[in-house]
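> Have a look at this fold, sequence not included:
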């Protein structure tokens with residue numbers, strides 16, 4: 001029986017850049033393993049973000065895993081709450097709650113850093129627990145997560161308003177947005193800032209020259225969703241590997257086994273090789289594993305071209321290459337793709353169709369192809385809606 005593995009380089013997609021001679025970071029990077037798959041299999045585009053939906057990793061990865069986000073997506077907060085095992089009531093509103101750095105200039109407030117300088121989980125936990133101690137109530141509850149990513153539950157809350165992901169507005173003014181939040185949430189943000197600014201963790205960060213986590217940013221709210229399991233959908237027992245609560249949460253909602261890898265950070269220093277080893281070990285028991293790597297997306301949000309190319313190359317060499325070697329020896333089917341574009345020039349998500357490639361062992365006419373946006377677009381293959389791609393992958397020979 002075949003085994004299946006999907007490799008996702010979060011945010012690898014990008015636009016051509018003059019500094020790269022008109023190439024995208026994916027084209028400029030040295031990616032012999034993804035190029036091999038593109039040259040020895042099916043290469044095309046997949047629409048991971050349906051028309052009219054925001055280009056978030058939650059929606060895009062739900063599509064890649066074979067679930068229609070128009071049917072099952074209610075918000076990012078509920079997905080991440082599921083990953084943390086947080087129990088909620090059907091009427092509760094669940095937010096993703098970032099610790100952020102807000103700056104102030106001439107009376108205006110702007111988004112200085114959506115991650116508070118990628119604050120450590122240990123520091124962040126202390127801040128979030130303090131907020132819950134002083135601001136938690138029958139109405140609000142804070143739950144610590146990983147690094148800057150946390151959860152806020154508004155019990156019996158309302159959901160008739162729109163929020164903005166902080167990573168979509170780097171350096172932008174947010175004064176009017178904050179003033180227009182529902183009064184209950186605006187008051188919570190104001191009170192949280194008073195506590196955070198004077199907290200010993202932040203005072204120490206200032207002494208060390210680090211950015212202060214001086215505010216919370218609730219967003220991605222919704223009520224808990226219900227999804228069928230991956231096994232019910234496809235008849236396969238599967239697992240998910242990621243350092244990001246969001247991806248783990250989608251996996252949990254889909255009944256996948258969450259496989260935790262030591263040293264997996266969701267940043268540039270993640271344990272690439274460990275993810276591969278744990279994935280291959282898991283395939284001895286499971287039929288399917290979904291491996292997600294966050295690093296290219298983080299580089300895109302930071303506008304760091306050099307780091308994005310480096311992250312893409314590390315993904316290709318340490319993840320794709322190792323899995324490909326195993327697939328050549330064993331009965332493992334491999335697909336490599338991404339969830340969305342995160343261009344370094346705009347530093348936010350773009351919902352354009354993204355490249356995918358499926359490795360085929362059988363002999364086909366050999367022709368070298370780069371795994372990149374341009375060649376995938378020229379393939380003439382577009383999988384739409386994107387949640388159909390999983391069905392295609394599982395049945396292709």
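Yes, it's here. On a predicted model such as this, the values are computed, not experimentally measured, just so you know. Residues are numbered from 1 along each chain as shown.
> And the residue nearest the centre of the chain, how far from residue 143?
For the chain, the residue sitting closest to the mean C-alpha position, by Cα atoms, centre = their mean, is residue 57 at 4.5 Å. Distance from residue 57 to residue 143, counting by Cβ to Cβ, to the nearest Å: 20 Å. In short, each C-beta sits where N, CA and C put it, glycine included.
> Secondary structure class of the nearest residue to residue 153 once chain neighbours are set aside, three-state.
Spatial nearest neighbour of residue 153, excluding adjacent residues (Cβ to Cβ, 6 or more residues apart in numbering): residue 141 at 4.7 Å. Assigned by DSSP: H, G, I helix; E, B strand; the rest coil, the conformation of residue 141 is strand.
> Residue 291 now?
strand.
> what residues are up against it?
Residues in contact with residue 291 (Cβ atoms under 8 Å, 6 or more residues apart in numbering) are 5, 6, 7, 8, 241, 242, 275, 276, 279, 319, 323.
> Quick check: the third one is in a strand.
Looking back up the chat, that one is residue 7. Yes - counting by three-state DSSP, residue 7 is part of a strand.
> give the contact list for the residue nearest to residue 153.
132, 152, 153, 155.
> Skip ahead from the helix or strand harbouring residue 196 and say which helix or strand is next.
Residue 196 belongs to helix 183-197 when elements are defined using DSSP states H and E. Using DSSP H and E, the next helix or strand after helix 183-197 towards the C-terminus is helix 200-207.
> Please compute how far that next one lies from its chain's middle.
Relative to the chain's own centre, helix 200-207 is displaced by 29 Å; criterion: Cα atoms, centre = their mean, to the nearest Å.
> mind giving me the domain split of this structure?
The chain breaks down by automatic domain parsing into domains covering 3-72+226-395, 93-222.
> What's the local residue count around residue 139?
13 (other Cβ atoms under 10 Å).
> what's the average pLDDT for the helix or strand hosting residue 357?
Per DSSP H and E, residue 357 falls inside strand 354-359. Averaged over strand 354-359, pLDDT sits at 97.
> Contacts for it next, please.
For strand 354-359, contacts defined as Cβ under 8 Å, 6+ apart pick out 12-13, 26, 34, 36-38, 40-46, 48, 60, 324, 327, 333-341, 371-373, 375-376, 383, 389, 392-393, 396.
> With stretch 62-75 instead?
Against stretch 62-75 from outside (Cβ under 8 Å, 6+ apart): 6, 8, 46-50, 53, 58-59, 94, 220-227, 230, 233-234, 250-251, 253-254, 290, 337, 339, 385-387, 389-391.
> Test of understanding: give the bridge partners of residue 222.
residue 94 (DSSP bridges).
> does it really touch residue 94, like I thought?
Yes - counting by Cβ atoms under 8 Å, residue 222 does reach residue 94; the two are 6.5 Å apart.
> out of these two, which sits in the busier spot?
Neighbours were counted for residue 222 and for residue 94 using other Cβ under 10 Å; residue 94 has more, 30 against 20.
> What residues does the more buried one make contact with?
For residue 94, the contact set (Cβ under 8 Å, 6+ apart) comprises 75, 77-78, 81, 86, 88, 151-154, 221-224.
> One more pass at 7 Å, please.
For residue 94, the contacting residues are 75, 77, 78, 81, 88, 151, 153, 221, 222, 224, by Cβ atoms under 7 Å, 6 or more residues apart in numbering.
> Over to residue 318?
Residues near residue 318 by Cβ under 7 Å, 6+ apart: 272, 273.
> rerun at 8 Å
272, 273, 276.
> just residue 179 next, same as before
Applying Cβ under 8 Å, 6+ apart, we find residue 179 in contact with residue 186.
> so what's residue 98 bridging to?
Where residue 98 sits in a bridge, its partners, by DSSP bridges, are residue 149, residue 217.
> Would you mind measuring from it to residue 178?
Residue 98 sits 14 Å away from residue 178 when distances are taken as Cβ to Cβ.
> neighbour count winner among the two?
Legend: neighbour count by other Cβ under 10 Å for residue 98 and residue 178, higher for residue 98 (28 against 16).
> Model confidence score at the more buried one, please.
98.
> what sits against it?
Residue 98 touches 114, 115, 116, 148, 149, 150, 166, 216, 217, 219, counting by Cβ under 8 Å, 6+ apart.
> Skipping its backbone neighbours, what lies nearest the first one in space?
In space, residue 114 comes closest to residue 166 once its chain neighbours are excluded; the distance is 3.8 Å by Cβ to Cβ, 6+ apart.
> What segments of this structure are strands?
Ranges of strands in the chain, per DSSP state E, are 3-9, 41-46, 93-105, 108-113, 140-146, 149-154, 215-222, 238-241, 257-258, 288-293, 332-337, 354-359, 382-383.
> list the contacts for the closest residue to residue 336 other than its chain neighbours?
The shortest distance from residue 336 to any residue other than its chain neighbours is 4.6 Å, reached at residue 7 (Cβ to Cβ, 6+ apart). By Cβ under 8 Å, 6+ apart, the residues touching residue 7 are 291, 293, 315, 319, 320, 323, 334, 335, 336, 337.
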